[in-house]
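> okay, structure incoming, though there's no sequence with it:
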Ligand SMILES: Nc1nc2c(c(=O)[nH]1)N[C@H]1C(S)=C(S)[C@@H](COP(=O)(O)O)O[C@H]1N2
Ligand SMILES: [Mo]
């Protein structure tokens with residue numbers, strides 16, 4: 001009989017389901033100490049907030065659905081909306097996937113977006129003005145989480161290049177850093193003080209102005225739901241999902257490469273570039289295949305998540321950089 005001993009990168013995905021595996025024990029200890037009293041009050045609070053959410057219609061709802069840009073197509077079916085909206089990574093609301101209900105407490109109006117750093121002039125933009133100025137369109141994109149699951153989503157939004165043009169960065173700027181809102185009142189994850197809040201991530205200016213980089217304002221023909229990063233979220237489909245930062249309040253132009261949230265948490269496992277590559281394993285699991293959200297089917301992962309024709313050229317002179325983690 002042949003006994004096969006799996007190597008590190010051959011381990012099943014169930015071992016790869018949490019980016020903060022090594023932090024779990026600590027969180028568990030803390031939550032056990034907090035006990036059931038907290039859970040009960042959280043439940044009451046959520047009901048109140050859900051009521052509030054229902055009462056506040058999105059002021060940009062009339063903009064949707066937007067016209068689909070047929071240049072960005074999929075060769076596999078869209079993920080069911082019900083699946084994509086109930087299985088989410090949004091650590092501000094907790095380090096597990098069932099945060100959708102909790103996220104409804106987030107206040108997304110008024111919402112301002114600051115543009116600062118190496119720009120001709122700092123700007124503070126109201127989200128509703130911004131959305132009405134930007135060229136909205138729908139794109140069908142793949143999304144590949146570093147945890148080896150994926151989904152296919154009809155996003156609405158605008159090319160990030162339009163925002164960079166609006167920002168008028170100085171020629172010395174090389175990166176754009178994005179930052180997620182921090183609202184202690186509605187985001188219980190912020191109390192997990194061992195995480196380096198706020199969540200930030202960044203792109204080079206070349207990446208940010210690549211035609212694929214997309215700022216998401218909607219999904220499935222409606223304003224994007226809170227758990228998916230309302231009212232403004234990034235989609236960079238050739239990179240692992242953690243680069244696609246949610247609920248953005250700030251764009252800072254800089255000449256210094258930022259240390260993103262996951263890199264700061266665990267630099268041995270997550271880096272700045274994070275381009276999808278099935279041949280480069282995560283230190284704790286293989287990236288060769290992925291599980292489709294919804295059907296559960298396992299399919300091979302593709303280099304640059306299938307978007308090489310759009311982005312491979314961005315990396316050809318970067319030998320020596322860790323491009324795929
Ligand atoms: N602010 C913030 N943005 C975030 C995250 C997060 O925890 N906080 N998780 C990232 C990860 S790991 C993934 S896979 C996607 C998940 O997006 P989804 O919940 O819409 O599927 O959001 C990314 N953006
Ligand atoms: Mo992810």
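Sure, I can see it. These numbers come from a predicted model, not from an experiment. Residues are numbered from 1 along each chain as shown. Ligands and ions are numbered 1, 2, ... in the order given.
> what pLDDT does the model give whatever residue of the chain ends up closest to ligand 1?
In the chain, the residue that lies nearest ligand 1 is residue 241 (2.6 Å; C-beta to the nearest ligand atom). From N, CA and C alone the C-beta is placed, and that goes for glycine too. You'll see residue 241 listed with a pLDDT of 98.
> wait, doesn't it sit right on residue 143?
Yes - using C-beta atoms under 8 Å, residue 241 is in contact with residue 143, at 5.7 Å.
> isn't residue 114 up against residue 123?
Yes - counting by C-beta under 8 Å, residue 123 is a contact partner of residue 114 at 7.3 Å.
> residues in the chain within reach of ligand 1, list them.
88-92, 145, 180, 199, 228, 241-242, 244-247 (C-beta under 6 Å from any ligand atom).
> drop anything exposed from these.
Buried members of these, scored by 16 or more other C-beta atoms under 10 Å, are 88-92, 145, 180, 199, 228, 241-242, 244-247.
> nearest residue to the most centrally placed residue in the chain other than its sequence neighbours?
By C-alpha atoms, centre = their mean, the chain has its centre lying nearest to residue 244, at 3.0 Å. The shortest distance from residue 244 to any non-neighbouring residue, by C-beta to C-beta, 6 or more residues apart in numbering, is to residue 234 (4.9 Å).
> contacting residues for the one you found?
By C-beta atoms under 8 Å, 6 or more residues apart in numbering, residue 234 lies in contact with 160, 178, 201, 213, 214, 215, 216, 243, 244, 245, 246, 248.
> how about a cut-off of 7 Å?
Residues counted as contacts of residue 234 (C-beta atoms under 7 Å, 6 or more residues apart in numbering) are 178, 215, 216, 244, 245, 248.
> now do residue 84
151, 153, 293.
> need phi/psi at it.
Main-chain torsions, residue 84, degrees, to the nearest 10: phi -70, psi -20.
> tell me how far it lies from ligand 2.
13 Å (C-beta to the ion, to the nearest Å).
> so what's the residue count around the closest residue to residue 315 other than its chain neighbours?
For residue 315, ignoring the flanking residues on the chain, the nearest one in space by C-beta to C-beta, 6+ apart is residue 323 at 5.4 Å. Residue 323 has 17 neighbours, counted by other C-beta atoms under 10 Å.
> where exactly do the helices run in this structure?
24-34, 36-55, 81-84, 100-103, 127-133, 160-167, 205-208, 261-265, 308-311 (DSSP state H).
> so what's the model's average confidence on the last one?
Rounded to a whole number, the mean pLDDT of helix 308-311 is 98.
> tell me who's in contact with whichever residue of the stretch 201-325 of the chain sits closest to ligand 2.
Per C-beta to the ion, residue 241 is where the stretch 201-325 of the chain lies closest to ligand 2, at 3.4 Å. Listed by C-beta under 7 Å, 6+ apart, the contact set of residue 241 reads 89, 143, 144, 145, 146.
> what's near enough to touch the nearest residue to the last one once chain neighbours are set aside?
Counting by C-beta to C-beta, 6+ apart, residue 240 is the residue found nearest to residue 146 once chain neighbours are left out, at 3.9 Å. Residues in contact with residue 240 (C-beta under 7 Å, 6+ apart) are 144, 145, 146, 274, 276.
> make JSON lines out of those residues and add distance to residue 207 and pLDDT.
Below are these laid out as JSON lines (distance: C-beta to C-beta, whole Å; pLDDT from 0 to 100):
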{"residue": "144", "distance to residue 207": "16", "pLDDT": "98"}
{"residue": "145", "distance to residue 207": "19", "pLDDT": "98"}
{"residue": "146", "distance to residue 207": "17", "pLDDT": "98"}
{"residue": "274", "distance to residue 207": "11", "pLDDT": "98"}
{"residue": "276", "distance to residue 207": "14", "pLDDT": "99"}
